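Q: dropping the sequence and predicted coords here.
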Amino acid sequence: MKQLSLIALLLMTSAANAAPLDITDAWFRALPGKLPAGGYFTAQNNTRRDIAIAGASSDACGMLMIHQSSNKGGMSGMDMVEKVTVPAGAKVAFAPGGYHLMCESPTLKMKIGARVPVLLNLSDGTAVAVAFAVKGATGK
Ligand SMILES: [Cu+2]
């Protein structure tokens, strides 16, 4: 009986790990004061269908949005993005200068050296929980 429940637990664990998207190198750039923190990561789609990242939330942020940095006529800014599609079998990087998560009103949990949980909501109705490392302005 004990062995059976261990197997059941292992099965559940591997099912939980089989997320449609693999998220790696997840980190926030924490800036002094109440300045917004940018969130970066790489998303790898291991499935045969396109999956979009359609939203995000974290208790380390008052609000967490998807942004894309832009450069229009020499003016740099950012636009809000509804979703970012990760094509089947492909990889999309959220990186400085491109797509990023924008953490507005970081809470006290956003501390350099800490790891904060982020929930990425996917277009297929599932969500991926990811631990983001909090780094300083220089990315260290
Ligand atoms: Cu932004």
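A: That came through, no problem. Numbering: from 1, shown residues only.

Q: quick check: closest non-adjacent residue to Val34.
A: Rather than Val, residue 34 is Lys. Nearest residue to Lys34 in three dimensions, chain neighbours excluded: Ser105, at 6.4 Å (C-beta to C-beta, 6 or more residues apart in numbering). The C-beta positions use only the backbone N, C-alpha and C, and glycine is treated the same way.

Q: which residues does the one you found contact?
A: Neighbouring residues of Ser105 by C-beta atoms under 8 Å, 6 or more residues apart in numbering: Lys34, Pro36, Cys61, Gly62, Met63.

Q: which helix or strand contains it?
A: strand 99-106 (DSSP states H and E).

Q: and the angle from the helix or strand following that strand to strand 99-106?
A: Going down the chain from strand 99-106, the next helix or strand is strand 115-122, by DSSP H and E. On the basis of axes from the mean of the first three to the mean of the last three C-alpha atoms, to 10 degrees, strand 115-122 is oriented at 130 degrees to strand 99-106.

Q: past the lowest-mean-pLDDT helix or strand in the chain, which element shows up next along the chain?
A: Every helix and strand of the chain was ranked by mean pLDDT, DSSP states H and E. The lowest is helix 2-17, at a mean of 52. Moving toward the C-terminus from helix 2-17, the next helix or strand (DSSP H and E) is strand 21-29.
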